[in-house]
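In: have a look; sequence and predicted model below, questions after that.
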Amino acid sequence: MLEVKGLRKEYGGLTAVQGISFTLKPGDIFGFIGSNGAGKTTTIRMISTLLEPTAGTAVLNGADIRRNPMEVRRMLGYMPDFFGLYDDVKVWEYLDFFAAIYQVPPKKRPEVIDSVLELTNLTVKKQAFVQSLSRGMQQRLCLARCLVHDPALLLLDEPASGLDPRARAELKELIAELGRMGKIVIVSSHILPELADFCNTVGIIERGELLAFGPVSQIVKDIQPHRVFSIHMLDHLDSASEHAKTLPGVSDATVAGEHELRVEFVGDLDDQADLLARLIQLGYRVTSFREDSADLEDVFLKLTTGAVN
Amino acid sequence: MIQDRLRTLVTQNPMLIEITRFRRRYFSYSSGNSMNSVVLSLVLICYAGLVLIVAQNRDSINPISIVIFETGLLTLFAPMMLYGAIAGERERRSWDLLLAAPITKSQIVAGKFLGAAGALVIAVAMFQLPILIAAIGSRETNWWFLLVASLDSLTFLLLVCALTIFFSARVKRGLMALGAVLAILATGLIVFPTFVEVAGGSSSTVTNPTLFFHPFYVMAQLMRTIGPGEDAGNAISTLQWGWPQSFVYFALTITLLAWASNTLSFAENEVKFMPQGDKHA
């Protein structure tokens, strides 16, 4: 369990993070969304004990980042937005080094290294030098490094930046698997579709303030309480709009284009079926009928202004 | 308690991977770096040449002169090897990974130092062959003085390593650390002694602290008493020339390493998060 309580960071007169609070439980994959400079990395660095909070704290499985930073470090895997790899070492040596730092017993290390290499699909590169790996492989190696001590919390800062589509897809699958393994995963990114795919919880941050927090579906619902249908028809849109407003479940209907009618809808599934049937019955020549569901990107754009600290 | 400290800093310090890294970078063809391989080949050729020259002139070469040569060479080699020890971690941004891991600053500094010391010991060991050839070839070798000179050399080189790590820990850029160390060495070993010599003449050099702790001057004093063509009757005491300097170099080494680990200044000034009084700090 990770409890973030009023985490705040000030640099001189600048407030980078303004008292963020949230709670995550094992298995949660939390997508931390925000523009560049919104405060994502600062928050992650505070949780990872690299930055001292000005106020507030975070508690990971009972260990407070301010009182027991060493205890917290033993339980977390931190993957920054850069590789930070060593030259002149082989893949297995790099992992062995971090396993030693995290006090994995020497006898267990070979087994642990083999298992994280298998998980990250790097087994064939075990004896390769770190600098000889491709960018995607280096990224996976960084993730493998975070896993050698079986951490309870993974902090992944922009893990997919610079990866090709295949590497990105593999990484997403890997992160989803880590969530299934019961780890708390915090992923920061500004590539929204990427996060929506595998995060069960998201938080939107702007100018250091957490604007929204919760499951993706809930946040979308909060921001767009009613559903919107986009109905394309060949003609008579104005009269169709007037007719639609009289139908059950329809709160508003507007002509959105030469052939598009947008209907704001609060009814149930029966009302939805009746809406289409009634329009056709009234003689409107409907060519398409689809729900315009908001996604994370819509939510993000609606909630944020693009301002940075 | 001392045993625990030794275990965490030496025997079970994960940072001892630095030994592997230094060995691979400077003494191995397996790193895959072709530049390193070329330099290593040149060094080995020069080394073979040195051994041959010494073997051919073994009855006329003072072994301590080889110790002096070795010290001069490695005094330049040590900063080159270590200037990026900590500053380089910051530049490479692997520093954050260490800070976010349960490892102490002392372990980091000790690991870096031991890695460099390991590389230095290999280099020093290589020089022992020509030194031994010259010492055996010369009938007047004073083995005790040779040992003290070698100890002076080794402790001074360790001091140079500690000095480089100290600056590497204090600055953001590795090259800044290299510049600072080379400037200090040039000032301490060349500029200041020259100035003192010129200003003070040749009198009372023994009481002059600059020369008293000058490693090359100390080894020159030891060399004067042994070897072919030297005045064996002009013997000096190693209690004055040799041991005090080694002791001071060693003490300074420990001090600088402790200072480096206690005052590590981080690349990003906010990254110094360890509560006061934490037992791991």
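Out: Structure received. Numbering: from 1, shown residues only, chains lettered A, B, ... in the order given.
In: and A:Ser161, its phi and psi?
Out: The phi and psi values for A:Ser161, taken as degrees, to the nearest 10, are phi -70, psi 130.
In: please name the residues that touch it.
Out: The contact partners of A:Ser161, by C-beta atoms under 8 Å, 6 or more residues apart in numbering or on different chains, come to A:81, A:189. For glycine as for every other residue, the C-beta is placed from the backbone atoms N, C-alpha and C.
In: how much space between it and A:Phe83?
Out: Remark: distance between A:Ser161 and A:Phe83 (C-beta to C-beta, to the nearest Å) = 11 Å.
In: cool, B:Ile165 as well?
Out: B:Ile165 sits 24 Å away from A:Phe83, taking C-beta to C-beta as the criterion.
In: neighbour-wise, which of those two wins?
Out: When B:Ile165 is set against A:Phe83 and neighbours are counted by other C-beta atoms under 10 Å in any protein chain shown, the residue ahead is B:Ile165, at 31 against 20.
In: pLDDT on stretch A:118-125, on average?
Out: For stretch A:118-125, the mean per-residue pLDDT is 90.
In: how long is that stretch end to end?
Out: End-to-end span of stretch A:118-125 (C-alpha to C-alpha, to the nearest Å): 10 Å.
In: what about it, near chain B?
Out: No: Stretch A:118-125 stays out of contact with chain B when judged by C-beta under 8 Å from any C-beta of the partner chain, the minimum separation being 13.9 Å.
In: got the buried residues for that stretch?
Out: Of all the residues in stretch A:118-125, those buried under the rule 16 or more other C-beta atoms under 10 Å in any protein chain shown are A:119-120, A:122, A:125.
In: nearest to chain B, of those?
Out: Nearest to chain B among the buried residues of stretch A:118-125 is A:Lys125, at 13.9 Å by C-beta to the nearest C-beta.
In: show me where the stretch 151-300 of chain A has its strands.
Out: Along the stretch 151-300 of chain A, the stretches classed as strands by DSSP state E, counting those that start in this stretch are A:153-157, A:184-189, A:201-206, A:209-214, A:227-233, A:250-255, A:260-265, A:286-291.
In: TSV please, covering those strands and showing mean pLDDT.
Out: Written out in TSV, the entries for the strands of the stretch 151-300 of chain A read as follows (pLDDT from 0 to 100):
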stretch	mean pLDDT
strand A:153-157	92
strand A:184-189	91
strand A:201-206	90
strand A:209-214	90
strand A:227-233	89
strand A:250-255	89
strand A:260-265	89
strand A:286-291	90
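In: okay if I get the ones you listed as TSV plus distance to chain B?
Out: Formatted as TSV, the entries for the strands of the stretch 151-300 of chain A read as follows, by distance: least, C-beta to the nearest C-beta, whole Å:
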stretch	distance to chain B
strand A:153-157	8
strand A:184-189	14
strand A:201-206	19
strand A:209-214	20
strand A:227-233	44
strand A:250-255	50
strand A:260-265	48
strand A:286-291	44
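In: could I get those as JSON lines with mean neighbour count?
Out: Rendered in JSON lines, the data for the strands of the stretch 151-300 of chain A read as follows (neighbours: other C-beta atoms under 10 Å in any protein chain shown):
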{"stretch": "strand A:153-157", "mean neighbour count": "24"}
{"stretch": "strand A:184-189", "mean neighbour count": "25"}
{"stretch": "strand A:201-206", "mean neighbour count": "24"}
{"stretch": "strand A:209-214", "mean neighbour count": "18"}
{"stretch": "strand A:227-233", "mean neighbour count": "18"}
{"stretch": "strand A:250-255", "mean neighbour count": "16"}
{"stretch": "strand A:260-265", "mean neighbour count": "21"}
{"stretch": "strand A:286-291", "mean neighbour count": "12"}
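In: alright, that wraps it up for me.
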